[in-house]
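**Q** have a look at this prediction, sequence included:
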Amino acid sequence: MNLTYSEEQKMLKESVERFIADAYVGRDGAPAFDAAMWKQFADLGWLSLLAPEGAGGLGAGAVESGIVMEAFGRGLVGEPFMTSVVLCGDLIASLGTPAQQEHLLGKLGAGELKFGFAHEESRRFAPLPVACKATRAGAGWRLDGAKPFALDAAEADVILVVARLAGDAASRQGLGVFLVPRDARGLKVETFPRLGGGSGARLKLEGVELGADARLGDDAADALDRAEDKATAALCCEALGVMQAVLEKTVEYAKTRVQFERPLAANQVVRHRLADMAIACEEARSLSLRACLLADADAPARMRAVSGAKTKIARHARFVAEQAVQLHGGMGVTEELDIGRYLKRIVAFEALFGDSGFHLARRAAAETLVA
Amino acid sequence: MDFQFTESERAFQKEVRDFLDANLKPELRRAHSLTPSVFDDPATTRPWQKILNAKGWVAPAWPSEYGGCGFSPAERWIFATEFARAGAPNLSPMGLQMVGPVIMKFGTPEQKAYYLPRILSGDDYWCQGYSEPGSGSDLASLKTRARREGDHYIVNGSKIWTTHAHHANMMFALLRTSDEGRKQDGISFVLIDMKSPGISIRPILTIGGDHEVNQVFFDDVRVPVSNRIGEEGKGWTYGKYLLEFERGGGVASARMRAMLRECEEIARRTGTLTEDLARRIADVDIDIDSMETTELRVMSALSSGQNPGAVSSLIKLRMSEIHQAVTRVGVDALGLDALVVEPRRPFYALNEPTLLTEDELVVTPEYLNGRAFTIFGGTSEVQRDIIAKAMLGL
């Protein structure tokens, strides 16, 4: 047992943190996609970090993607690393044929293909129901349905769309994942800036015709659970980066802002608040690490770790981000500081892949799976 | 003790309802509901103020000798509650609730005769020059200086968080006229024409995406000494008198209740009303019950000639916390759609269709802008100090 980073992990951490400090920290404006940055991610090997070695990747795991995501949180990175690399990359690796893996993960690693992701069909994240329908059309496929919240579809070249091959909308069986080109005929994409960074889109699929090789796999429910758990673990690490960044900024501000002839931090109520924020950060570090360490475990153990992390970190992160705003006073509520941008990232984190209530219920259900 | 309004109070309630039914035009109601910032725009409040002024209902809290409604405390409560329930725009408080009462209590007869009718008619639009970049919670440390030069003050410095400075033609400001003695003793309360040469305004965008507050700079701005309220060096006393109005005395529960009901409606419609969310809504609803009852206790104390005491600090503190809880319920009721960003403003002027419905559009900006509620008008940390002193004698 040793929960310290290996030499390779330390090197990755240092290089990502250095890059983020130079290229991202202190930027103005809402985090958005920057093609030049994406190219640099490719050159640095981050876009092939998680792909299996057999598919030209580095074969790294959730701890490594967590290291990257933590730094990305601090830098409020707007590029779709989580969606493209962690989530879609994992689906391609687990569902794709060797040929699909080599082609798609190769292109992803080189920065030549970016993926968007469209699964849930309700307002609140839920893996089911999925009513979007996939039917045979000649040798290929035809997709019909709607996805109200597709991740990072605006910049994507290909969107991974979850569609139903068989069964009713509530069934776990009969789900497939399809590769839908962003410019496919019959696909309507209404994009919007996503709170905290990145983009979202409403998709309408009306008779979208796809080739025979557009299907990544059938009975994809387990693979989707696993990929979304990995994405959730990665987002927990990103939230940790956000929390740590705003804690440091708030401590610094409380030490230097003087009111009533003393620094804010001289007030016990402020010191205790900061101490509680620090405790929340440490707990987020432990729980996000635990989620990463168990991201490849069997379903019950993985679900317990990931849902446990998400439900607690969502609450801790909101506390830390809201109190960071509070302790920065009026300035915290303006676009002039980045504190508000960090808060928005946390609001988004809470909602993506299930809010705190969703994951508490899922964790409770996982307990019975174990017993 | 009687938990019912009297017959005459109920008759008044009906009169207010009938008036709102007849006069609150749908476009004004819509503009108010589509405003996620703390204050409604003058484009919304001006026409509404005109309608209210014609009825003599602009200033429910003012005595009738100054053109107020002369309402009893109970009537004021009913009036505010009915307006909130109807979704009426909030008139700008800077004139009516802030500088107005100060002029009434401390102004000269000439100042009263000139300014008070202009506040009622809306001819003057006021902004508040209190906070400075270095003086927030510690307001008395303010540094914007008014140097005497004959019949004028020469003003230099900067004010911040100036709501609607970009709309206002007048500002009431706390300015430093002396460095002698306690820092509170060198402050004067001065009215400044916003068109004076040397004033510049820098907009500050809030995290909800709205332009509501500003920083105002003064560069050798000449202000007639006759624009001072009361005595030189007594501004702190007048300013504190005003803050009591800013912090309390209002009726907040009805508006909170209306907002909470809207969130519940969104959750019901979009299918996000889980058992978890339903319980949280009930929990916030109880807090609003408590706030409403506290307001009624204050109203009853005032009606029977008692001083409600430190409870106004409690109302500001709890109102701000409940407001934030309500807006958070809204975000959760929207689910993933809370992340849909609509950067265009103002919402009420958008003509093209948007991805979200109108009641959904304001939810996330209201949550984000709402973080300011526990900061402005005295932070929650300061309010708790005040409560410890005033209620507990600590």
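**A** Happy to help now that I have it.

**Q** the stretch 151-300 of chain A against chain B: which residues are in contact?
**A** A:190, A:192-196, A:200, A:202, A:259-261, A:267, A:269-270 (C-beta under 8 Å from any C-beta of the partner chain). C-beta coordinates here come from the backbone N, C-alpha and C atoms, glycine included.

**Q** so which of those belong to helices?
**A** A:269-270 (DSSP state H).

**Q** could you pick out the buried ones from the residues of the stretch 151-300 of chain A next to chain B?
**A** A:192-196, A:200, A:202, A:259, A:267, A:270 (16 or more other C-beta atoms under 10 Å in any protein chain shown).

**Q** return the residues in contact with residue 88.
**A** Going with chain A. A:108, A:115-117, A:160, A:227 (C-beta atoms under 8 Å, 6 or more residues apart in numbering or on different chains).

**Q** my bad, chain B
**A** Taking C-beta under 8 Å, 6+ apart as the criterion, B:A88 is in contact with B:20, B:24, B:28-29, B:32, B:48.

**Q** swap in 6 Å and give it another go.
**A** Contacts of B:A88 were listed using C-beta atoms under 6 Å, 6 or more residues apart in numbering or on different chains, and they are B:L24.

**Q** now swap in A:C292 and tell me
**A** A:62-63, A:66, A:233 are the contacts of A:C292 under C-beta under 6 Å, 6+ apart.

**Q** ok, 8 Å please
**A** Counting by C-beta under 8 Å, 6+ apart, A:C292 has contacts A:61-63, A:65-66, A:233, A:237.

**Q** what's the closest of these to A:W46?
**A** Lowest distance from A:W46 to these (C-beta to C-beta) belongs to A:S65, with 9.0 Å.

**Q** returning to what we had before: can you put the residues of the stretch 151-300 of chain A next to chain B in a markdown table and add pLDDT?
**A** Shown next, in a markdown table, are these (pLDDT from 0 to 100):
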| residue | pLDDT |
| --- | --- |
| A:E190 | 97 |
| A:F192 | 96 |
| A:P193 | 96 |
| A:R194 | 97 |
| A:L195 | 97 |
| A:G196 | 96 |
| A:G200 | 97 |
| A:R202 | 98 |
| A:Q259 | 97 |
| A:F260 | 96 |
| A:E261 | 96 |
| A:N267 | 97 |
| A:V269 | 97 |
| A:V270 | 98 |
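
**Q** among the residues of the stretch 151-300 of chain A next to chain B, which are in strands?
**A** A:190, A:192-193, A:200, A:202, A:259 (DSSP state E).

**Q** secondary structure class for the residue of chain A found nearest chain B?
**A** Going by C-beta to the nearest C-beta, chain B is nearest to A:G340 of chain A, at 3.3 Å. For A:G340, the assignment made with DSSP: H, G, I helix; E, B strand; the rest coil gives helix.

**Q** what sits closest to it if chain neighbours are left out?
**A** Distances taken as C-beta to C-beta, 6 or more residues apart in numbering or on different chains place B:I207 nearest to A:G340, at 3.3 Å, with adjacent residues excluded.

**Q** of the contacts of A:C292, buried ones?
**A** A:62-63, A:65-66, A:233, A:237.

**Q** looking at the residues you listed, which is nearest B:F39?
**A** Nearest to B:F39 among the buried ones among the contacts of A:C292, with distances taken as C-beta to C-beta, is A:C237, at 39.7 Å.

**Q** the closest one: which element?
**A** helix A:221-256 (DSSP states H and E).

**Q** list the buried ones in that helix?
**A** Buried, per 16+ other C-beta under 10 Å, within helix A:221-256: A:221, A:223-247, A:249-251, A:253-254.

**Q** go on, stretch A:285-293?
**A** For stretch A:285-293, the neighbour count (16+ other C-beta under 10 Å) marks A:285, A:287-293 as buried.

**Q** mind putting those residues into TSV with secondary structure?
**A** Shown next, in TSV, are the buried residues of stretch A:285-293 (three-state DSSP):
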residue	secondary structure
A:R285	helix
A:L287	helix
A:S288	helix
A:L289	helix
A:R290	helix
A:A291	helix
A:C292	helix
A:L293	helix
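
**Q** would a markdown table of these with pLDDT be doable?
**A** Shown next, in a markdown table, are these (pLDDT from 0 to 100):
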| residue | pLDDT |
| --- | --- |
| A:R285 | 98 |
| A:L287 | 98 |
| A:S288 | 98 |
| A:L289 | 98 |
| A:R290 | 98 |
| A:A291 | 98 |
| A:C292 | 98 |
| A:L293 | 98 |
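
**Q** state the pair within the residues you listed that is farthest apart.
**A** Spanning the widest gap among the buried residues of stretch A:285-293 are A:R285 and A:L293, at 12.4 Å by C-beta to C-beta.

**Q** now do stretch B:258-276, average pLDDT.
**A** Regarding stretch B:258-276, the rounded mean pLDDT is 95.

**Q** should've said stretch B:351-364
**A** Throughout stretch B:351-364, pLDDT has a mean value of 94.
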